[in-house]
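Engineer: turn this into a model:
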Amino acid sequence: MPRTEMGVRALFSTSNNFSEKRNNDEFYGAFGALLMGASAVYCSTMTSSPSLLEQKKKKKKKQAEEEEEYQYQRRPKQKYESPPPIPVHGPESHIGDYNDPPPRPDLPTIPLAEVEEHCDDDSMWFTFRGAVYDMTFFLNGHPGGKPRLQMAAGQDLEPYWEVYRQHFRGHVVGWMEKYRIGNLSPSDAKEAATKNTFGDMFEDSPEHDPNLLVAAARPFNGEPRIDLLTRDYYTPNELFYVRNHLNCPDIIPKDYRLIVKGRGIKKHVFTLDDLKTKFPKYEVVTTLQCAGNRREDLHGERKIFISPHWVVGAMSNAKWGGARMRDVLEYCGLDVDAMALGTKTPKDITHLEFEGYDADETGYTYGISIPIDKAVDGLGDVLCAYEMNGRPLPRNHGFPVRAIVPGHVGNTNCKWLHKVMVKNKPTDKPWCQKSYRGFPPDIDFENDLSHWPGNVDMENSTIVQTMPVQSFICNPPQNSLIGMRDATDIELKGVAWSGGGKEIKNVDVSIDGGRNWTSAKRHKPIQQRRDRHWAWTQFSKKVTLTPEIREKLGKGERVNVELISKAMNSDFNVQPETMEPYWNARGVCINHWYRVKVTLDPNLEKGTVMHGNVEDEFPNTPSGGKFKEPWGMGGFTSDYKHQSDPRARKAPESAHF
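Structural biologist: Okay, the predicted model is just below:
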């Protein structure tokens, strides 16, 4: 399959037969040539002699082989052994018919033709498995953005949800029942489910290391096995958590352009080579954590209606290299020194907006913004990064250039960076205004955020920029069986980090559910200055067993224990014990104690670690070791009609992996 050129997907994706068009070589070739300004060359090819055509075919084949090898050479080798294969259906408890709308004979039967007429902003109806819903009110409340809702209006949701299976965890259909207005006839229901097709814009996504737990398959979002996070201070590129909001662009380096424009500067367009030659390369070590890390902890009796539902591992650490953002802005005419020193504070310059090359099916691109103060600060260390751990950025992590904003929430570190814009306000993009906001505990999705903005008091909601102090125990893994023959202690290992560059000053650990605590040894092999502690701190501690535990082990009994860590940063902020005081409907900035359940076995050799839960090969589970709601890989294997293993789907360039 030919490589996707920048921008082609956005033009094709408004059609329901996107995949069909994409696989049509004649259509793709003509369009691709037109986009690249070479339509004349393409037309002449069609009338060339057979020998010339044959030469061109051979040349094209050779270029494809060279490109495949190039992609392979860019791919980091798998460092750690793969976990056991995932059963095709996952644990049986993860599969159910809870997505089937209940029978509603009290509602009228509505013809499919009538439903199809309600397909604009003024009236938006949808069908799903024979049920009809009026979701007009939801236009601005959809977490995935307005364009995607508009795209499916007047149609059946099944083909769309086949791609976006995070909708299949049960609570979405249950909530929609409130807005159900009727039923389709059996024949119309059958026709609706098969009438429209929806192409998978993620079909050429890169393959992922099998040690990444799939939190959402499309777009891919994956978190590393947390028991691997303490093996390396710098997280290997292939294990670094992946957060994709939209598609994963495959950008040819020579075609890359960075556009810098806005208030107080002259517009410039930079190539990748420009960034490498016009500006000195700086390196910074920083941890990135997704705003929604541990989101699954908040999904219980009260539901979270935004994806992905990270479990615990959406946090990783790397060394990044590239041009300083302040140097780029200064080159474009911004007086960064005066602004950083406070001698010049333009009232019409408050934010820096980033926009990526990644786009949804309608061509709408990802965007986010940060305060301008962070970007111009000489100690802010914001980068236009093109290296990750000494290598070119992997495609999944923004190749060829991404923003790195040390100390700030992961989503501000815009991947596939296309535009940098100096603004007088935060971006209007929904990821900034809606998705990454913290709301008071009395605000929920069902009654408030789904009716955006409704009665939500925006003055009492905050756009996430920096994150609170965080820590969790990685080893021993959750739900493990640990050999304790003749043992008098147990070793704990984990990671801790705080947003805003605050230093981790202490990490306390407990092996009895928080009744008793002891301070762990902190490990940070690099030096970072005050309020620039961008990188995480690893910790370890051999904790002496309590007399009660030793007595039970001495009798040959297995003992269940609960391991906990709590970190304190340089501002004396400490992780809270529970989530209830700060529960929020978007599931962001989650940092209550992470509780690890393990079983000590006096009959197994000391040092033996076995996974006690045969159903889940990953130790990543919510606090306490169990999912409150069926997990099914974030919904990908939850529904009985949509069963497949995300790892079974191989990307074209993954043949060598």
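
Engineer: from now on I want contacts and neighbour counts done on CA atoms only, so please keep to that.
Structural biologist: Fine.

Engineer: which residues does the nearest residue to P476 once chain neighbours are set aside contact?
Structural biologist: In this structure, P476 finds its nearest non-sequential neighbour in L492, 6.3 Å apart by C-alpha to C-alpha, 6 or more residues apart in numbering. Residues in contact with L492 (C-alpha atoms under 8 Å, 6 or more residues apart in numbering) are 473-476, 540-543.

Engineer: of these, which pair is most distant in space?
Structural biologist: C474 and V543 (15.1 Å; C-alpha to C-alpha).

Engineer: the two - which one has more neighbours?
Structural biologist: Counted by other C-alpha atoms under 10 Å, C474 and V543 do not tie: C474 has more neighbours, with 24 against 18.

Engineer: list the buried ones in the host helix or strand of the more buried one?
Structural biologist: Using DSSP states H and E, C474 sits in strand 470-475. Using 16 or more other C-alpha atoms under 10 Å as the test for burial, strand 470-475 gives 470-475.

Engineer: what's the first helix or strand after it?
Structural biologist: From strand 470-475 onward toward the C-terminus, using DSSP H and E, the following helix or strand is strand 480-483.

Engineer: ok, and what's touching that next one?
Structural biologist: For strand 480-483, using C-alpha under 8 Å, 6+ apart, the contacting residues are 476, 597-613.

Engineer: repeat that for stretch 385-401.
Structural biologist: The contact list for stretch 385-401 (C-alpha under 8 Å, 6+ apart) reads 74-75, 206, 234, 236-237, 242, 244, 248-251, 253, 256, 272, 318-323, 384, 402-404, 414-417.

Engineer: now those residues: which count as buried?
Structural biologist: Using 16+ other C-alpha under 10 Å, the buried ones in the contacts of stretch 385-401 are 75, 206, 234, 236-237, 242, 244, 248-251, 256, 272, 318-323, 384, 402-404, 414-417.

Engineer: OK, contacts around V115?
Structural biologist: V115 touches 125-127, 132, 154-155, counting by C-alpha under 8 Å, 6+ apart.

Engineer: which stretches of the stretch 501-650 of the chain have low pLDDT?
Structural biologist: Within the stretch 501-650 of the chain, the ranges that satisfy pLDDT under 70 run 612-617, 645-650.

Engineer: and with 50 instead?
Structural biologist: Applying pLDDT under 50 to the stretch 501-650 of the chain flags residues 614-615, 647, 649-650.

Engineer: now the helices for it?
Structural biologist: Assigned by DSSP state H, counting those that start in this stretch, the stretch 501-650 of the chain shows helices spanning 547-554.

Engineer: strands of that one, residue ranges please.
Structural biologist: Under the criterion DSSP state E, counting those that start in this stretch, the stretch 501-650 of the chain contains strands at 504-510, 518-519, 521-523, 537-544, 559-569, 594-601, 609-611.

Engineer: any chance of these in a markdown table, plus distance to R263?
Structural biologist: Putting these into a markdown table (distance: least, C-alpha to C-alpha, whole Å) gives the following:
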| stretch | distance to R263 |
| --- | --- |
| strand 504-510 | 38 |
| strand 518-519 | 50 |
| strand 521-523 | 43 |
| strand 537-544 | 39 |
| strand 559-569 | 37 |
| strand 594-601 | 44 |
| strand 609-611 | 56 |
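
Engineer: ok, which pair from the buried residues of strand 470-475 is furthest apart?
Structural biologist: Using C-alpha to C-alpha, the buried residues of strand 470-475 span at most 16.1 Å, a distance reached by Q470 and N475.

Engineer: any idea which residue sits dead centre in the protein?
Structural biologist: In the chain, the centroid-proximal residue (C-alpha atoms, centre = their mean) is R243; its distance is 2.4 Å.

Engineer: for the nearest residue to that one once chain neighbours are set aside, grab the count of nearby residues.
Structural biologist: For R243, ignoring the flanking residues on the chain, the nearest one in space by C-alpha to C-alpha, 6+ apart is N221 at 4.9 Å. By the measure other C-alpha under 10 Å, the count of residues near N221 is 24.

Engineer: contacts only, for N221.
Structural biologist: Contacts of N221 by C-alpha under 8 Å, 6+ apart are 214-215, 241-244, 308.

Engineer: straight-line length of stretch 536-552, end to end?
Structural biologist: 37 Å (C-alpha to C-alpha, to the nearest Å).

Engineer: buried sites along it?
Structural biologist: 536-541, 543, 549-550.

Engineer: likewise for stretch 437-455?
Structural biologist: Within stretch 437-455, the residues scored as buried using 16+ other C-alpha under 10 Å are 437-440, 443-446, 448-452.

Engineer: could I get these as TSV with pLDDT, secondary structure and distance to E54?
Structural biologist: Formatted as TSV, these follow (pLDDT from 0 to 100; DSSP: H, G, I helix; E, B strand; the rest coil; distance: C-alpha to C-alpha, whole Å):
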residue	pLDDT	secondary structure	distance to E54
R437	94	strand	57
G438	95	strand	60
F439	95	coil	62
P440	94	coil	66
I443	94	coil	65
D444	95	coil	62
F445	95	coil	59
E446	95	coil	60
D448	95	coil	62
L449	95	helix	59
S450	95	helix	57
H451	94	helix	59
W452	92	coil	58
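
Engineer: quick one: low-confidence parts of this protein?
Structural biologist: Residue ranges of the chain with pLDDT under 50: 1-48, 85-94, 614-615, 647, 649-657.

Engineer: how many neighbours does E81 have?
Structural biologist: 9.

Engineer: same question for P581.
Structural biologist: 11.

Engineer: distance check, the closest residue in space to it that isn't next to it in sequence against W517.
Structural biologist: Excluding the flanking residues, the one nearest P581 by C-alpha to C-alpha, 6+ apart is P441, at 7.2 Å. P441 sits 30 Å away from W517, going by C-alpha to C-alpha.

Engineer: now the helices for the stretch 351-500 of the chain?
Structural biologist: 372-376, 430.

Engineer: would you mind finding the most buried of the ones you listed?
Structural biologist: Across the helices of the stretch 351-500 of the chain, averaging neighbours per residue (mean count of other C-alpha atoms under 10 Å) puts helix 372-376 on top, at a mean of 22.

Engineer: from the chain's centroid, how far away is that one?
Structural biologist: Mean-position distance between helix 372-376 and its chain equals 25 Å (C-alpha atoms, centre = their mean, to the nearest Å).

Engineer: tell me the helices and strands packed up against it.
Structural biologist: Helix 372-376 sits against helix 325-331, helix 336-341, strand 351-359, with contacts defined as 3 or more C-alpha pairs under 8 Å, 6 or more residues apart in numbering; DSSP states H and E.

Engineer: check the ones you listed for me and report the most buried one.
Structural biologist: strand 351-359 (a mean of 24).

Engineer: which secondary structure elements does that one contact?
Structural biologist: strand 365-371, helix 372-376, strand 417-423.

Engineer: which of those sits closest to Y582?
Structural biologist: Short answer: strand 365-371, nearest of these by C-alpha to C-alpha, at 23.6 Å.

Engineer: show me what the closest one is in contact with.
Structural biologist: So strand 365-371 is contacted by 245-246, 350-359, 411-412, 414, 426-427, 429, 431-432, 465 (C-alpha under 8 Å, 6+ apart).

Engineer: if we go by neighbour counts, what in that strand is buried?
Structural biologist: Neighbour count says strand 365-371 has 365-371 buried, by 16+ other C-alpha under 10 Å.

Engineer: next one: stretch 161-181
Structural biologist: For stretch 161-181, by 16+ other C-alpha under 10 Å, it's 161-170, 172-173, 180-181.
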